[in-house]
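Novice: take this sequence and fold it.
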Amino acid sequence: MHLSKIVLVTSVLMTGLIHVVAGQSVNVGKAGAHGKVLKKYIEPSELKQIVENPVDSIWIIDVRSEKAYSNGHIPTAKSFPAATVASRLNEIPKNQYLIIYCTVGANAQIVSKKLKKAGYKRYINWGGLSRWEWEKETE
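Specialist: The predicted structure is shown next:
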């Protein structure tokens, strides 16, 4: 009887842990060759500082769909849906530092790979919008 309770509690805890880990991409924080300086903005509170005091050399890029973007995004973020990035590279300067996010970080990583292939070096995968604890901007 005691052993079955231990097994049950362990199962519940493991299931919870799996859900937490699955909710965020393992690629969060992966950066391009010159994007490592952006790691200081990985913490949501640090990104909030950039939102409140924008820096011209840093762009926040939302790679979710246009509909998802219009329903709520990180303030100051620019919309570049993942499916359109390859055809819109001329709109993303290579000298900008890019903080890329999506829903959980997976599409941000796919976009990061596209950017790397196109010669970009100043980017980081910030992860998912669920990490943003503050009010979202809508359009």
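Novice: what sits against Ile60?
Specialist: Taking CB atoms under 8 Å, 6 or more residues apart in numbering as the criterion, Ile60 is in contact with 47, 50-51, 74, 76-78, 99, 101, 126. For the C-beta atoms, the positions are set from N, CA and C on the backbone; glycine is no exception.
Novice: quick one, which of those are buried?
Specialist: Neighbour counting by 16 or more other CB atoms under 10 Å classes 47, 50, 74, 77, 99, 101, 126 among the contacts of Ile60 as buried.
Novice: from these, pick the one nearest Gly119.
Specialist: Closest approach to Gly119 among these (CB to CB): Ile99, at 18.4 Å.
Novice: wait, doesn't the closest one sit right on Ser57?
Specialist: No - between Ile99 and Ser57 there is no contact under CB atoms under 8 Å: 11.3 Å.
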